[in-house]
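**Q** Sequence plus the predicted model coming up.
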Amino acid sequence: MKQLLKKVLEGSLRSMNRSSVGTRVNQIVANSMMSNTRTVQHGGVKLSFVVPNFVNTWRIDSFSSKEPETLEWIDSFPEGSVVWDIGANVGLYSCYAAKRRRCRVFAFEPSVFNLELLARNVWINGLSDLVTLVPLPLSDSLSNSTLNMTSTDWGGAMSTFDKSYTHDGSALRKVFEFRTLGVSMDDAVAHLGIPAPDYIKMDVDGIEHLILKGGPTTLRAARGALVEINEEFEKQARDSDQYLRAAGLELKEKRHADSFENTVFRNCYNQIWQRGAA
């Protein structure tokens, strides 16, 4: 009997999905999900974010505890600094930098699933005049390739442009892809007219070293950078260190929250680099 009821219900749902009523219901559900928001307060500022699913709820609930070093780093910026948030996801740190320090933020995020939430989050916080969305991936050169994704969830991560590995150098388990254009940091300044950054925040799950390779001129003009590095991925760690030091930046510290211990991310650290760290 249970199996029969299940089949009847599944058939009804399929019929509803094919009907105009079903389409309207689906649209209402989607709109309702996008109207759900949650508010956080940190560093004396209040921010609201869209929470259509568990992933985003978790991101907001852990806003102050997941990467306290990133928030402290942003707190140190002079007001009005130009910030590049490379791998902006849904814009938590872009919005915080803009509202906390009135920074001009350029949020690089190529995921079509994250871009909608990023745009909504910028809008509901009244930051459209300070945060510019750049829907392109960064790489070491101008290229036409695929963004390889491990998730199609809103707020998902672990995507890599033009490569088939993920944050630790292991094979990426792709569930979705699309072709897009990638540019280097130096291309973004020279050809797209994006202002060179005072500060660079980078978290792109695996190709940090390639992006750094494509920005020697941009890096030499930056005051500081925060780059997520997985020390198990030796080439990423070694090459990133080389490019940052060649640009005249010095490693100030590397940190991650205690919650990273005893997880697969235990060897991932946010490295904070600055000019004249000694």
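**A** Looks like it arrived, so ask away. Numbers count the residues shown, from 1 in each chain.

**Q** Where does residue 270 fall, secondary structure wise?
**A** In this structure, residue 270 sits in strand 268-275 according to DSSP states H and E.

**Q** Sheet partners, orientation included, of that strand?
**A** According to DSSP bridges, strand 268-275 forms sheet pairs with strand 224-230 (antiparallel), strand 249-255 (antiparallel).

**Q** now for those strands, which one comes closest to residue 72?
**A** Nearest to residue 72, of all the strands paired with strand 268-275, is strand 249-255, at 9.1 Å by CB to CB. C-beta: built from backbone N, CA, C; applies to glycine.

**Q** what comes up buried for the closest one?
**A** Neighbour counts over strand 249-255 (16 or more other CB atoms under 10 Å) mark 249, 252, 254-255 as buried.

**Q** Mind putting the residues you listed into JSON lines with distance to residue 131 and pLDDT?
**A** Listed next are the buried residues of strand 249-255 as JSON lines, based on distance: CB to CB, whole Å; pLDDT from 0 to 100:
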{"residue": "249", "distance to residue 131": "25", "pLDDT": "98"}
{"residue": "252", "distance to residue 131": "26", "pLDDT": "97"}
{"residue": "254", "distance to residue 131": "27", "pLDDT": "97"}
{"residue": "255", "distance to residue 131": "25", "pLDDT": "95"}
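
**Q** Next, format those residues as JSON lines and append distance to residue 114.
**A** Converted to JSON lines, the buried residues of strand 249-255 look like this (distance: CB to CB, whole Å):
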{"residue": "249", "distance to residue 114": "28"}
{"residue": "252", "distance to residue 114": "29"}
{"residue": "254", "distance to residue 114": "26"}
{"residue": "255", "distance to residue 114": "25"}
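
**Q** just those residues now: which is nearest residue 270?
**A** Of all these, residue 255 has the smallest distance to residue 270: 5.8 Å, by CB to CB.

**Q** per-residue confidence for residue 18?
**A** Per-residue pLDDT puts residue 18 at 61.

**Q** and residue 217, that's in a helix?
**A** Yes. Under DSSP: H, G, I helix; E, B strand; the rest coil, residue 217 falls within a helix.

**Q** was I right about it contacting residue 187?
**A** No. Checked against CB atoms under 8 Å, the pair residue 217 and residue 187 is beyond contact range at 10.4 Å.

**Q** So between the two, which is more surrounded?
**A** In this comparison of residue 217 against residue 187, neighbours counted by other CB atoms under 10 Å, the higher total goes to residue 187 at 20 against 14.

**Q** Mind telling me what element the more buried one is part of?
**A** If you go by DSSP H and E, residue 187 is part of helix 185-192.

**Q** what mean pLDDT does that helix have?
**A** 97.

**Q** Partner strands of whatever helix or strand comes next after that helix, with direction?
**A** Note on helix 185-192: by DSSP H and E, the next helix or strand toward the C-terminus is strand 199-202. The strands beside strand 199-202 in its sheet (DSSP bridges) come out as strand 82-86 (parallel), strand 224-230 (parallel).

**Q** what is the rounded mean pLDDT of strand 199-202?
**A** On average, strand 199-202 scores 98.

**Q** That one: what's the following helix or strand?
**A** Immediately after strand 199-202, counting by DSSP H and E, sits helix 208-213.

**Q** buried set for that next one?
**A** Using 16+ other CB under 10 Å as the test for burial, helix 208-213 gives 208-213.

**Q** Check stretch 186-206 too.
**A** In terms of neighbour count (16+ other CB under 10 Å), stretch 186-206 has its buried residues at 186-189, 194, 196-206.

**Q** and of those residues, the nearest to residue 227?
**A** Relative to residue 227, the closest of the buried residues of stretch 186-206 is residue 202; by CB to CB it sits at 4.7 Å.

**Q** if we can go back for a sec, and the strands paired with strand 268-275 as CSV, adding distance to residue 55?
**A** Output for these, formatted as CSV (distance: least, CB to CB, whole Å):
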stretch, distance to residue 55
strand 224-230, 18
strand 249-255, 24
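
**Q** if we can go back for a sec, ok, so of the buried residues of helix 208-213, who is nearest residue 86?
**A** residue 211 (6.5 Å).
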